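> Sequence first, then the predicted structure, then my questions.
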Amino acid sequence: MTGKTETEKRMDVNQFIEYLKRERKSSDNTCDAYRRDVQDFQRFMESRGTEDLAGASNADVAAYLLELKNRGKSKATVNRKLSSIRTYYKFLQKKGEVSRNPAEDIKSPRIERKQLDYLTVEEVERLLSAPDDSVKGVRDRAMLEVLYATGIRVTEIIELKLKDANLRMGFITCSGAHGRARIVPMGTMARKALDNYILHSRNILMKDRDDNDPEGPLFVNYTGEAFSRQGFWKGLKQYGEKSGLAGRITPHILRTSFAVHMVQNGADLKSLQELLGHEDIMATQVYLSVTKNRIKDVYDKTHPRA
């Protein structure tokens, strides 16, 4: 059987990406990762003399995972690529191009759970105090305050529109994963910082654009356009260095710190799941490990026979 042309292969992947956007409401970053993973598997299969992915077997997928391990890829990367391949073949099954999924019965490598890295309340205070009172600083402080107050993802905060912020009632409306909207409350400090940004900074950054357009991006850069993930990460690293937290800062550090501090102060798991926008409560249960460690420390320090 003649293999598919390069054009047909690109069309297959493009259709897969459209399927992810339409059916799963996947973000652009997620779709880019899926595209890279599928194309990497395509190149591997071509190196084994198979032009058409429809002809892949369980042995091919297992060999690809071994190849990734030999390349020095982490277990997390191998798991992600395996998940991408599984999803791609499910898509091909829906199209009727394959009868079985060669990645379905392949077991994912077990990943040792890393200890949660989060900031203490004092460290969060230092980070949130790092931005100055310039136009840029007022914007950045508002972003950091909102992230810590709500626990939303970086991708979610940069997608917020002006209409999504209800300062009077004290909440934001977040689209979240798969298009499921959720309402997340904000505390007083975040509301003040956001109000200050909208009144005194955003209008300057918007330049000649309509700063009252409810559909306009909430957080904007110097050209008045939506803030990018890369732009946010660059600024966050700078504030991490300024506050003495270099090496501790990750894009999700405030989300993790939010969740940990909520649990430490008695938040129930179900409420935290809703606030974080987790589909599966198993994803939320990881934060219980902090509480367990804390209880063990208290026991060791206080029990007379510990």
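That came through fine.
> Touching, residue 193 and residue 140? I think so.
No. Applying CB atoms under 8 Å as the test, residue 193 and residue 140 come out as separate, 9.8 Å apart. Using the backbone N, CA and C atoms, a C-beta is placed for each residue, glycine as well.
> pLDDT below threshold where in the stretch 101-250 of the chain?
Residues of the stretch 101-250 of the chain meeting the criterion pLDDT under 70: 111-114, 176-179.
> residue ranges of the strands in it, please?
165-166, 171-174, 182-185 (DSSP state E, counting those that start in this stretch).
> how about the second one: buried residues?
Applying a neighbour-count criterion of 16 or more other CB atoms under 10 Å, the buried positions in strand 171-174 are 171-172, 174.
> Closest to residue 87 out of those?
Checking these against residue 87 with CB to CB, the nearest one is residue 174 at 24.4 Å.
> So that closest one sits against residue 161, correct?
No. Using CB under 8 Å, residue 174 is not in contact with residue 161; the gap is 10.6 Å.
> Distance check, residue 67 against residue 221.
To residue 221, residue 67 is 40 Å away according to CB to CB, to the nearest Å.
> Grab the nearest non-local neighbour of the residue positioned nearest the centre of the chain.
Nearest residue to the geometric centre of the chain (CA atoms, centre = their mean): residue 153, 5.6 Å. Nearest residue to residue 153 in three dimensions, chain neighbours excluded: residue 255, at 6.3 Å (CB to CB, 6 or more residues apart in numbering).
> which element is that neighbour on?
helix 253-264 (DSSP states H and E).
> From the contact counts, what lies against the helix or strand following that helix?
Tracing the chain past helix 253-264, the next element assigned as helix or strand by DSSP H and E is helix 269-276. If contacts are counted by 3 or more CB pairs under 8 Å, 6 or more residues apart in numbering; DSSP states H and E, helix 269-276 sits against strand 182-185, helix 253-264, helix 281-284.
> what is the rounded mean pLDDT of helix 269-276?
Averaging the model's pLDDT scores along helix 269-276 yields 90.
> ok so, going back, would you reformat the strands of the stretch 101-250 of the chain as JSON lines and include distance to residue 83?
JSON lines is the format used below for these (distance: least, CB to CB, whole Å):
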{"stretch": "strand 165-166", "distance to residue 83": "34"}
{"stretch": "strand 171-174", "distance to residue 83": "24"}
{"stretch": "strand 182-185", "distance to residue 83": "24"}
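> Residue 118 is nearest to which of the ones you listed?
strand 182-185 (18.9 Å).
> Return the distance of that closest one from the chain's centre.
Relative to its chain's centre, strand 182-185 lies at 17 Å (CA atoms, centre = their mean, to the nearest Å).
> in its sheet, what does it sit against?
Note on strand 182-185: by DSSP bridges, its sheet partners are strand 171-174 (antiparallel).
> Quick one: closest of the strands of the stretch 101-250 of the chain to residue 12.
Judging the strands of the stretch 101-250 of the chain by CB to CB, what sits closest to residue 12 is strand 171-174, at 33.1 Å.
> Next one: residue 39 from residue 31, what distance?
Computed with CB to CB, the distance linking residue 39 and residue 31 is 12 Å.
> Just want to know which of those two has more residues nearby.
Each of residue 39 and residue 31 has its neighbours counted (other CB atoms under 10 Å); residue 31 has more, 17 against 13.
> residues touching the more buried one, list them.
Neighbouring residues of residue 31 by CB atoms under 8 Å, 6 or more residues apart in numbering: 17, 20-21.
> Please narrow those to those residing in helices.
Using DSSP state H, 17, 20-21 are the members of the contacts of residue 31 that sit in helices.
> For PyMOL, what selects the buried ones among those residues?
Of the ones in helices among the contacts of residue 31, the buried ones can be selected in PyMOL as follows, counting by 16+ other CB under 10 Å:
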select buried, resi 17+20
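> Return the member of the ones in helices among the contacts of residue 31 nearest to residue 181.
Distance to residue 181, by CB to CB, is smallest for residue 21 among those, at 17.4 Å.
> Please give the element, helix or strand, for the residue nearest to the closest one when sequence neighbours are not counted.
Leaving aside its sequence neighbours, residue 21 sits nearest to residue 31 (CB to CB, 6+ apart; 6.3 Å). Assigned by DSSP H and E, residue 31 belongs to helix 28-47.
> and after that helix, which helix or strand comes next?
Going down the chain from helix 28-47, the next helix or strand is helix 58-70, by DSSP H and E.
> Check which residues of the helix or strand following that next one are buried.
Beyond helix 58-70 on the C-terminal side, the first helix or strand identified by DSSP H and E is helix 75-95. Residues 78-82, 84-92 are the ones in helix 75-95 that count as buried (16+ other CB under 10 Å).
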